[in-house]
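# could you work out the structure for the sequence below:
(one chain, ligands or ions: 1)
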Amino acid sequence: MKNKLILDGKQTANGEVRISGAKNAGLVIMAASIMAEGETVLDNVPRIRDVDVMLDILTEMGVVCRWNEDQSLSICPPTGNIDKPTPYELSKKLRASNLFLGALMGRQGEAAVSLPGGCDIGTRPMDLHIKGISALGAEVSLEQGNIYATAKQLQGARIYLDFPSVGATENIMMTACRVPGQTFIENAAKEPEIVDLANFLNTMGGRVRGAGTDIIKIEGVPELKAGRYAIIPDRIEAGTYMVAAAISGGTVLLENIIPTHLHPIIAKLQETGAHIEERESSLLVEGSADIRPADIKTLPYPGFPTDMQSQMLALLCRADGTSVVVENVFENRFQIVDEFKRMGAQIKVKGMSAIVQGVPQLNGSTVKATDLRAGAALILMALAAEGRTVIEEANYIFRGYEDIVNKFAGLGVTLTAE
Ligand code: EPZ
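Numbers count the residues shown, from 1 in each chain. Model prediction:
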């Protein structure tokens, strides 16, 4: 498997790029598909390594999965209970494996799920997931690295999330779908991927209301039916290509996007001097020769997304002034700064803040990806750097960016995978 990306800077991103389906909507909806009897067909699922791993886990669980001629994905769960715990060797590869907790609870009222893995950007506990599922009547225990949840009788409940956790909101939504009575999730996550999951559950006959707001109401239904559903476009992949235009002074047209999902990113990029034209399902981004500094605070949606923090940090390394970036969602998401410094960036990290002094020039170097989004940010740095950049641990990038080498080639950028 290729694990290195090479880019000889400077290169300018110019052209059109079609945005793929959202990784963080596709992964949870693939898990949720096991809650319905029959064949679920999903459109716009991205061909990325995280999806491959989720398919491996589903197959281990006895679920029949198939890519169809029309590029849709079919998921057919078995009849009867799924008893085997999700396999540790696969679950440790991604955070989304923890979503089988809610999917299995929603399917059969019991679950055995290996503790997840995923990007090392913080401790990433599961306490809110467990609090929510326990409130619905489940007995949850942790044994040998597995979470076991069983329930004699699940009952609707009112659950308050101390933090609007995306995964915890998703696991509670799925668990509550077939629980008698009404469940309310307060201080729920409001990300577009939460709305996509709610829409998917409702196409299966679920009764989920209020997704995208602070309070989600779920009324239990006796059963869910398989159907066909198209995943929303990936707002973080889109944001990454928007920054590619901004940092390299190029002009990029992004096709297949939902503009409202990108508003926090559009606003920030305009502040740094990029010119952006919104169209119905596309966006034109023109990078400016002069990149202005900007301060950023990452927050749960609709705040500025933490998954775009590393990419914006790269852009601010080239601004003509000082910027302050505050990471409020994860406690350890500045690891990439050391790699940026190898390319000439001037950044000081103090606790949850990074102070970025823009520099007139970046230089290519051998660097390594420390997580999925940080890896993508290294490509953006390499675009603006003089000389060759070799990105190691590039497998992180392939986890979440579909066909990235060809997409950059379509923008006139030569990126070589080795
Ligand atoms: C999802 O992770 C995404 N992953 C992440 O995207 C994204 O960064 C994150 O949401 C925030 O938007 C998937 O959807 C597969 P959280 P998740 O639970 O659900 C704390 C990417 O690059 N927390 O909202 O794990 C947690 O420690 C990835 O695509 C608890 O304290 O995020 C963190 O500080 C990276 N207890 C904060 O909440 C809990 O029980 C946000 O976590 C759960 C979370």
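# residues from the stretch 51-200 of the chain in reach of the ligand?
Contact residues, the stretch 51-200 of the chain versus the ligand (CB under 6 Å from any ligand atom): 95-96, 119, 122-129, 163, 165-168, 189. Heads up, the C-betas are built off the backbone N, CA and C, glycines and all.
# again, 8 Å this time
Selection of the stretch 51-200 of the chain residues close to the ligand by CB under 8 Å from any ligand atom yields 94-96, 98-99, 118-119, 121-131, 162-170, 189, 191, 193.
# give the full set of residues in contact with Gly145.
Tyr88, Ser114, Leu115 (CB atoms under 8 Å, 6 or more residues apart in numbering).
# okay, helices next: where are they in the protein?
Secondary structure of the chain by DSSP state H: the helices cover 23-32, 49-60, 88-91, 100-108, 127-135, 166-176, 192-203, 235-248, 263-271, 309-316, 337-342, 372-384, 395-400, 404-409.
# just to check, Glu39 is in contact with Pro77?
No. With contact defined as CB atoms under 8 Å, Glu39 does not reach Pro77; the gap is 9.1 Å.
# who's more crowded, the two?
Pro77 (23 against 15; other CB atoms under 10 Å).
# now that one: how far from Ser134?
Taking CB to CB, to the nearest Å as the measure, Pro77 falls 25 Å from Ser134.
# how about Arg388?
53 Å.
# any idea which residue of this protein lies closest to the ligand?
Gly167 (2.8 Å; CB to the nearest ligand atom).
# give me every residue that touches that residue.
Arg95, Ala96, Asn98, Leu99, His129 are the contacts of Gly167 under CB under 8 Å, 6+ apart.
# if we only consider those residues, which is nearest to Val28?
Relative to Val28, the closest of the contacts of Gly167 is Leu99; by CB to CB it sits at 5.1 Å.
# Glu170 is in contact with the closest one, correct?
Yes. If you go by CB under 8 Å, Leu99 and Glu170 touch, sitting 5.9 Å apart.
# between these two, which contacts overlap?
Contacts common to Leu99 and Glu170, judged by CB under 8 Å, 6+ apart, are Val28.
# more crowded one of these two?
For the pair Leu99 and Glu170, the greater number of neighbours falls to Glu170 (30 against 26), based on other CB under 10 Å.
# so what pLDDT did that one get?
For Glu170, the pLDDT comes out at 98.
# swap in Ser33?
You'll see Ser33 listed with a pLDDT of 98.
# find the nearest non-adjacent residue to Asn363, please.
Spatial nearest neighbour of Asn363, excluding adjacent residues (CB to CB, 6 or more residues apart in numbering): Gly344 at 4.9 Å.
# quick one on the thing from earlier: can you put the contacts of Gly145 in CSV and add pLDDT, distance to Arg18 and neighbour count?
Below are these laid out as CSV (pLDDT from 0 to 100; distance: CB to CB, whole Å; neighbours: other CB atoms under 10 Å):
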residue, pLDDT, distance to Arg18, neighbour count
Tyr88, 82, 36, 16
Ser114, 88, 35, 21
Leu115, 83, 36, 18
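# I'd like the contacts of Gly167 laid out as TSV, including pLDDT.
Below are the contacts of Gly167 laid out as TSV (pLDDT from 0 to 100):
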residue	pLDDT
Arg95	85
Ala96	88
Asn98	92
Leu99	96
His129	96
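# can I have the buried ones of those residues as a PyMOL selection?
Buried members of the contacts of Gly167, defined by 16 or more other CB atoms under 10 Å, are picked up in PyMOL with:
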select buried, resi 95+96+98+99+129
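# tell me the buried residues in the helix-or-strand element of the chain with minimal mean pLDDT?
Counting by mean pLDDT, DSSP states H and E, the chain has its least confident helix or strand at helix 88-91, which shows a mean of 84. Of all the residues in helix 88-91, those buried under the rule 16+ other CB under 10 Å are Tyr88, Leu90, Ser91.
# ok, now stretch 261-273?
Applying 16+ other CB under 10 Å to stretch 261-273 flags His261, Leu262, Pro264, Ile265, Ile266, Lys268, Leu269, Gln270, Thr272, Gly273 as buried.
# same deal with stretch 365-383?
For stretch 365-383, by 16+ other CB under 10 Å, it's 365, 367-383.
# give me the subset of those touching the ligand.
Asp371, Leu372, Arg373.
# the second one contacts Asn395, correct?
No. The criterion here is CB under 8 Å, and Leu372 misses it with Asn395 at 9.6 Å.
# and Val45, how many neighbours?
Applying other CB under 10 Å, we find 27 residues neighbouring Val45.
# I figured it was touching Leu73, is that so?
Yes. Counting by CB under 8 Å, Val45 touches Leu73, with 4.6 Å between them.
# who touches both of the two?
Applying CB under 8 Å, 6+ apart, one finds that Val45 and Leu73 are jointly contacted by Met30.
# give me the pLDDT for Val252.
98.
# tell me what it is bridged to.
Gly15, Val285 (DSSP bridges).
# so it touches Thr240, yeah?
No. If you go by CB under 8 Å, Val252 and Thr240 don't touch, sitting 10.7 Å apart.
# which one's more surrounded, those two?
Legend: neighbour count by other CB under 10 Å for Val252 and Thr240, higher for Thr240 (28 against 25).
# is it true that that one touches Tyr401?
Yes. Using CB under 8 Å, Thr240 is in contact with Tyr401, at 7.3 Å.
# anything in contact with each of these two?
Here Thr240 and Tyr401 have Ala376 as joint contacts, going by CB under 8 Å, 6+ apart.
# quick check: residues of the stretch 301-418 of the chain near the ligand?
For the stretch 301-418 of the chain, the contact set with the ligand under CB under 8 Å from any ligand atom comprises Tyr301, Pro305, Thr306, Asp307, Val329, Phe330, Glu331, Asp371, Leu372, Arg373, Gly400.
# would you confirm that Met242 contacts Val252?
Yes. Here Met242 reaches Val252: they are 7.1 Å apart, a contact under CB under 8 Å.
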